[in-house]
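A.B. asks: sequence and predicted structure, then a few things I'm wondering about:
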There are 2 protein chains.
Amino acid sequence: MKAIVTVGLKTGVLDVQGKAVATALKGLGFDAVRSARVGKVIELDIVGSDAAAAEADVKAMCETLLANTVIESYRVEIKS
Amino acid sequence: MKAIVTVGLKTGVLDVQGKAVATALKGLGFDAVRSARVGKVIELDIVGSDAAAAEADVKAMCETLLANTVIESYRVEIKS
C-alpha cells in the first residue's frame, strides 16, 4: 500500500523558499506568477492491507517525525 | 488560478533523504514502512484564466527552474 504525505508551512508562516522561487520565476520572465509556496511530499511504501490502520499509523509518523506541527500542516492520502 | 507542481527523483536515482526517512521511521518503531521517497511540491498562484496556457507556462517553469530534469521528473496539476 502507498501513502502520500504532503507537508507544507501553515498559512501565515513566512515561506522564504516560496518567496525566492516566485522572485526567480519573475526574474526569468514568468510575470503571471503571483506567489509560490514550497512544501515536501513523502511517498511511503507500507506493508499491510488495512487502509484505516495505515492512515492512523502514517498520521502518527507525521506527528513524531515527518512534520513540525508548530509551523507545518500535513495531509495524508492512502492509495491501495 | 492555482498550479500544483510535484517534483521527485526519477525511478532508479538514489534517494538519500528518502532512505534516511525510512530508517528513522523504522527506528521509531514503525516497522510497516518498507521504503520512502521524498520530493518537493510547489504551489503557484497564477494570474489569468486560460488553463491550457497556464499549464504550458508552468511546464516551461519546471524545465528552466523548478526541476533538474536530468535526475528529477515533475507533474503539473492546474486548479481553477
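C.D. replies: Right, received. Where do you want to start?
A.B. asks: show me what the longest strand along chain A is packed up against.
C.D. replies: The single longest strand within chain A, with elements called by DSSP state E, is strand A:33-46. Strand A:33-46 sits against strand A:2-9, helix A:16-27, helix A:51-61, strand B:2-9, helix B:16-27, strand B:33-46, with contacts defined as 3 or more CB pairs under 8 Å, 6 or more residues apart in numbering or on different chains; DSSP states H and E. In short, each C-beta sits where N, CA and C put it, glycine included.
A.B. asks: sheet partners, orientation included, of it?
C.D. replies: The strands that strand A:33-46 pairs with in its sheet are strand A:2-9 (antiparallel), strand B:33-46 (antiparallel) (by DSSP bridges).
A.B. asks: how about the residue lying farthest from the centre of chain A, phi and psi?
C.D. replies: Largest separation from the mean C-alpha position in chain A: A:Gly29, at 27.2 Å (CA atoms, centre = their mean). A:Gly29 adopts backbone torsions of phi 100, psi 0, taken as degrees, to the nearest 10.
A.B. asks: same question, A:Leu14
C.D. replies: Its backbone dihedrals place A:Leu14 at phi -60, psi 120, with angles given as degrees, to the nearest 10.
A.B. asks: export the helices and strands packed on strand A:33-46 as JSON lines, with columns for distance to B:Asn68, mean neighbour count and mean pLDDT.
C.D. replies: Rendered in JSON lines, the data for these read as follows (distance: least, CB to CB, whole Å; neighbours: other CB atoms under 10 Å in any protein chain shown; pLDDT from 0 to 100):
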{"stretch": "strand A:2-9", "distance to B:Asn68": "21", "mean neighbour count": "19", "mean pLDDT": "98"}
{"stretch": "helix A:16-27", "distance to B:Asn68": "14", "mean neighbour count": "16", "mean pLDDT": "98"}
{"stretch": "helix A:51-61", "distance to B:Asn68": "28", "mean neighbour count": "17", "mean pLDDT": "96"}
{"stretch": "strand B:2-9", "distance to B:Asn68": "9", "mean neighbour count": "19", "mean pLDDT": "97"}
{"stretch": "helix B:16-27", "distance to B:Asn68": "15", "mean neighbour count": "16", "mean pLDDT": "98"}
{"stretch": "strand B:33-46", "distance to B:Asn68": "11", "mean neighbour count": "20", "mean pLDDT": "97"}
